[in-house]
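Student: Predicted model, plus sequence, below.
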Amino acid sequence: MATLVLGIDDQVGQLVAKRLVDQVSLTVFSSKTVTGQVGDPHKAATYVDLLEDVDVVYSNFMGMDVDWKLEALFEAIRQTKANVRTVVRSVVGVDDEATQPVSYPGITDPVTFLKQQRYAIKIVDEAELPYTVFRAAPVAVTATDDVLLINEGQPVNPAPITAEALAAVVAQELVEPQHVGQSLAVVGKN
């Protein structure tokens, strides 16, 4: 299975790639010069060659403009007529499901950030391709490795998780899809 991992600029993306390297044919993409393919994630042309012969795409894009990046990705998917399954990382709180306030490190405008996250998920959903969205709790070094997956529409305690725990959930879904067509919160087990 050929897998494209987008956004390996952070620890979660790097850990996902590390878990997959011996299991799939792996291509990685960075909007910075970390490793792998580099390009402008806001442009569809960036993804056209990357999508060749790919079966599944994981978007680990975080921060501002994730909607713009996914819009470009799905434009490239339409252009190339790629039949891919997507797994997308988002954040707890995007559906107003968090039972406690959630902090988004590095985000100075959380209202706009959450609007962009919502629109990104809408892009994924409306593409009419198989997908899984993981709405992850904040990643923290001192958090738990034990996670709960909670269905969309349910209240969520946004207990932090480790990068390793989130990467394990994502890698498992990429290799053995069990949650296609679902948007799940990934939170720490209390």
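Tutor: Thanks, I have it.

Student: quick one, helices of the protein?
Tutor: Here the chain has its helices, by DSSP state H, at 11-20, 44-48, 66-80, 110-126, 163-175.

Student: Can you tell me which of those helices is nearest to residue 91?
Tutor: Proximity to residue 91 (Cβ to Cβ) singles out helix 110-126 among the helices of the chain, at 5.8 Å. Every C-beta, even on glycine, is put in place using the N, C-alpha and C of the backbone.

Student: Out of the helices of the chain, flag the one nearest residue 88.
Tutor: Closest among the helices of the chain, once you apply Cβ to Cβ, is helix 110-126, at 5.4 Å.

Student: List the buried residues for that closest one?
Tutor: 113-114, 116-117, 120-121, 123-124 (16 or more other Cβ atoms under 10 Å).

Student: and residue 138, what does it touch?
Tutor: Applying Cβ atoms under 8 Å, 6 or more residues apart in numbering to residue 138 gives the contacts 91-92, 102-105, 158, 160-161.

Student: rerun that using 10 Å as the cut-off
Tutor: By Cβ atoms under 10 Å, 6 or more residues apart in numbering, the residues touching residue 138 are 91-93, 102-105, 158-161, 187-188.

Student: Now rank those by neighbours and give me the top one.
Tutor: Most neighbours among these, by other Cβ atoms under 10 Å: residue 161, with 28 neighbours.

Student: Hmm, residue 140 and that residue touching each other?
Tutor: Yes - with contact defined as Cβ atoms under 10 Å, residue 161 reaches residue 140; the gap is 7.5 Å.

Student: so what's in contact with those two at the same time?
Tutor: Counting by Cβ under 10 Å, 6+ apart, the contacts common to residue 161 and residue 140 are residue 188.

Student: what's the closest of the buried residues of helix 110-126 to residue 170?
Tutor: Residue 170 lies nearest to residue 124 out of the buried residues of helix 110-126, by Cβ to Cβ, at 14.7 Å.

Student: what bridges to the spatially closest residue to that closest one that is not a sequence neighbour?
Tutor: Closest residue to residue 124 apart from its sequence neighbours, by Cβ to Cβ, 6 or more residues apart in numbering: residue 131 at 5.0 Å. Note on residue 131: beta-bridge partners residue 86, judged by DSSP bridges.
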